[in-house]
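Peer 1: What follows is a predicted structure for the sequence shown.
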Amino acid sequence: MPTYHALGDHTESVQIQYDPKQTTYADLLKIFWQNHDPSACLSRQYMSAIFYHNDNQKALAEETMQKESQNRKRPIQTKIAEAERFYDAEDYHQKYLLRQQRGLFNSLELSKKEVINSHIAARLNGYVGGYGSPNKFEKELPNLGLSVEQANYVNQLIGRGPMS
């Protein structure tokens, strides 16, 4: 497996596994287009890209890029390419923002594989990074299985303060 510093010609990306009963590929593409600047001309490492897994995904990616280009002044630089082998980032890159909160991260007692695959770790990584409101956290909290101490810590980070 390549390392971050010895990978060579690569593009940093995420691989999303989703339940089509919960969301659609079209919804994911909408989020993709809304949450970055696809007209930025960046190096291969940080370029805007969509990696598809089948012909339907390719067609939908191309269709949404065409529609998106009509709403942009600058040309879209996003590359659409077939997905090839995906490499997980090295351990220290996994849930990077959550790892910066060492007490919270360590209290989760996750194995290396669980850090990568844990829905809870992914959600907490977003919250501690500032992506999510105190109200959303409160609604989601019963499904996260956190202790009172863990919940209080996250609440303090996102501005709500400790739970009573």
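Peer 2: Perfect, thanks for sending it. Numbering: from 1, shown residues only.

Peer 1: what secondary structure does Tyr92 sit in?
Peer 2: helix (DSSP: H, G, I helix; E, B strand; the rest coil).

Peer 1: before we move on, which element is Ile116 in?
Peer 2: helix 112-117 (DSSP states H and E).

Peer 1: buried ones in that helix?
Peer 2: Of the residues in helix 112-117, Val115 count as buried by neighbour count, 16 or more other Cβ atoms under 10 Å. Any C-beta I mention is one placed from the backbone N, CA and C, and that applies to glycine too.

Peer 1: Please export the C-alpha coordinates of it as PDB.
Peer 2: Written as PDB, here are the backbone C-alpha positions of helix 112-117 (Å, rounded to 0.1, in the frame of the first residue of the first chain):
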ATOM      1  CA  LYS A 112      -7.900   1.200  13.400                       C
ATOM      2  CA  LYS A 113     -10.600  -0.400  11.200                       C
ATOM      3  CA  GLU A 114     -13.400   1.100  13.300                       C
ATOM      4  CA  VAL A 115     -11.900   4.600  12.900                       C
ATOM      5  CA  ILE A 116     -12.300   4.200   9.200                       C
ATOM      6  CA  ASN A 117     -15.700   2.600   9.100                       C
END
